[in-house]
Structure formats: C-alpha cells, structure tokens
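J.: Build the 3D model from these lines:
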Amino acid sequence: NVKERILEEHNPVKGLATFDTSKLKVLTLNIKDVYFQEIVKGYKKQEFREIKPTTINKYTYIDPKDGKRWLKHYDVIRFYVGYQRDRESALIEVLNIEFDRDANMIIYSLGKIFQLDPK
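T.: Below is the predicted model:
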C-alpha cells in the first residue's frame, strides 16, 4: 500500500489535532486529488500558484518601510483535496519560495510530509 509506505518513509503525524502548527506560518491550499497523490508519493516536488488580483495579498505583502512588494514566507503548506468537509489533507514542508516574473507565478519547493490525513 502506497500510503503505508509513505507513512513509514516520512513518519508524518496522523490527525490534524496532533501536530502543533502554532509557531509555524501555514499556507492553506486546495488542490485536485491527482496532484495531491503526486505530492504525497513524492513525484511532485513543486507547487505553482499564479498571482492574481484576488490572491496577491495571500502570497505577498508590502513592506511599509520601503513600499516594495515581497513574497510572504511560509514554513509549511496544508494541502486539502477539494472543498468537501470530509477530505484528505497533508502538511508539507516548504523548502524554498521563488517568483517567476515572466509567468507571474510563485513556486513553492516542497520537502517532507509532516502530517497526512486520509479521508
């Protein structure tokens, strides 16, 4: 079973209430199941998000000192499959955050799985 192997390899904590994220900056993203499975299996190592007028403040901030817009730092990403109440989720480490100006995309490099919550 792939999920069991992943749990053994990465040893994530099971259950949302058991992992303390109080000192972490968490980005919450909804994704399709096919991409979620690729992430938890270790095939997909990056997540891409386009900057839109509706999401610019989620991913960036304006420094009051210099007036420049900067990328927000996140420690982990909480991925949810879809929008249903009973859904799979995973808490994944963010290794690096980059901005591709030409594509207007933020690229999150993903690390280890801290928590995996099956449906």
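
J.: switch to C-alpha atoms for all contacts and neighbour counts from now on
T.: Will do.

J.: OK, contacts around residue 45?
T.: Contact criterion CA atoms under 8 Å, 6 or more residues apart in numbering gives 39, 109-111 as the residues in contact with residue 45.

J.: got those residues as a markdown table, with pLDDT and distance to residue 100 columns?
T.: Shown next, in a markdown table, are those (pLDDT from 0 to 100; distance: CA to CA, whole Å):
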| residue | pLDDT | distance to residue 100 |
| --- | --- | --- |
| 39 | 93 | 21 |
| 109 | 97 | 13 |
| 110 | 96 | 16 |
| 111 | 94 | 20 |
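
J.: Could you list the low-confidence segments of this structure?
T.: Applying pLDDT under 70 to the chain picks out residues 1-19, 119.

J.: quick one: the residue nearest the centre of it from residue 32, how far?
T.: The centre of the chain sits closest to residue 77, judged by CA atoms, centre = their mean, with a distance of 2.5 Å. Here the distance between residue 77 and residue 32 works out to 15 Å (CA to CA, to the nearest Å).

J.: List the beta-bridge partners for residue 113.
T.: Residues found in beta-bridge contact with residue 113 (criterion: DSSP bridges) are residue 92.

J.: Would you map the strands across the chain?
T.: For the chain, the strands identified by DSSP state E occupy 26-31, 46-50, 60-62, 69-71, 76-81, 89-100, 105-117, in order along the chain.

J.: Compute the inter-axis angle for the first one and strand 76-81.
T.: Counting by axes from the mean of the first three to the mean of the last three CA atoms, to 10 degrees, strand 26-31 points 20 degrees away from the direction of strand 76-81.

J.: what comes into contact with strand 26-31?
T.: Outside of strand 26-31, the residues within contact range by CA under 8 Å, 6+ apart are 74-83.

J.: ok, that strand: who's next to it in the sheet?
T.: Sheet neighbours of strand 26-31, with direction, are listed as strand 76-81 (parallel) (DSSP bridges).
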